[in-house]
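Peer 1: need a 3D model of the following:
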Amino acid sequence: MRPTRRGVGVLLVAALALVLGVNYGARALDAVLVPSLVAFAIGVVQVLRRRRPIVRRTRPVPGFPGETRTVGVEVESNLPCDVREGTGDGVRAIDPDARLAGDGDYEYEVELLERGEHALGPATVRQRDVLGLVSHGTDVRSTTPVLVYPRVEPVADRAAFAGLVERAGTQDRDAFD
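Peer 2: This next block holds a predicted model:
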């Protein structure tokens, strides 16, 4: 758990209000310091009571290198969160990150690059309190496989295979087995 930039700003304003309150009177303490500290404390409590986020992905349809597929992501979180999605080496995600206000769904495109089975995920979910003062990051280790077929190359002209049976020395077609 750590303060966000907004949280650091609130703490700096609270510290300034404390200095001004000590030097010039208690009005700065009542107007700025106490509400700032209360808001920050509520943010800390919200993040401490957070539920561990769950990330589920739809499994994309297998394809060939160069094609793109759509991946649907469902996030369960009781707090607003930022989702940063990772991918394996054989695929490239196109805009896989999202900012959600809690439970939510989003989609992103993935480009298939190399043949084989590759992984989508794991995801990093950074949950923050409602005012955005405190955040906590969680790595969600679940992955979803995506299958990329080998590249299809055209077969050469039939003339190149015309004499194979004769060169094999037998008319038996099982000679190639």
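
Peer 1: which helix or which strand is home to the nearest residue to residue 89 once chain neighbours are set aside?
Peer 2: Leaving aside its chain neighbours, residue 89 sits nearest to residue 118 (6.8 Å; criterion: C-beta to C-beta, 6 or more residues apart in numbering). Any C-beta I mention is one placed from the backbone N, CA and C, and that applies to glycine too. Residue 118 is part of strand 116-128, with elements assigned from DSSP states H and E.

Peer 1: in its sheet, what does that strand sit against?
Peer 2: According to DSSP bridges, strand 116-128 forms sheet pairs with strand 81-87 (antiparallel), strand 134-140 (antiparallel), strand 144-148 (antiparallel).

Peer 1: tell me where this structure has strands.
Peer 2: According to DSSP state E, the chain carries its strands in the segments 2-3, 54-57, 68-76, 81-87, 91-94, 98-100, 104-112, 116-128, 134-140, 144-148.

Peer 1: in JSON lines: these, plus distance to residue 17 and mean pLDDT.
Peer 2: JSON lines is the format used below for these (distance: least, C-beta to C-beta, whole Å; pLDDT from 0 to 100):
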{"stretch": "strand 2-3", "distance to residue 17": "17", "mean pLDDT": "96"}
{"stretch": "strand 54-57", "distance to residue 17": "40", "mean pLDDT": "96"}
{"stretch": "strand 68-76", "distance to residue 17": "37", "mean pLDDT": "96"}
{"stretch": "strand 81-87", "distance to residue 17": "30", "mean pLDDT": "95"}
{"stretch": "strand 91-94", "distance to residue 17": "44", "mean pLDDT": "95"}
{"stretch": "strand 98-100", "distance to residue 17": "30", "mean pLDDT": "96"}
{"stretch": "strand 104-112", "distance to residue 17": "36", "mean pLDDT": "96"}
{"stretch": "strand 116-128", "distance to residue 17": "23", "mean pLDDT": "95"}
{"stretch": "strand 134-140", "distance to residue 17": "19", "mean pLDDT": "96"}
{"stretch": "strand 144-148", "distance to residue 17": "49", "mean pLDDT": "95"}
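
Peer 1: please name whichever of these is nearest to residue 44.
Peer 2: Closest to residue 44 of these, according to C-beta to C-beta: strand 134-140, at 5.4 Å.

Peer 1: so that closest one versus strand 68-76, what angle?
Peer 2: In terms of direction (axes from the mean of the first three to the mean of the last three C-alpha atoms, to 10 degrees), strand 134-140 departs from strand 68-76 by 120 degrees.
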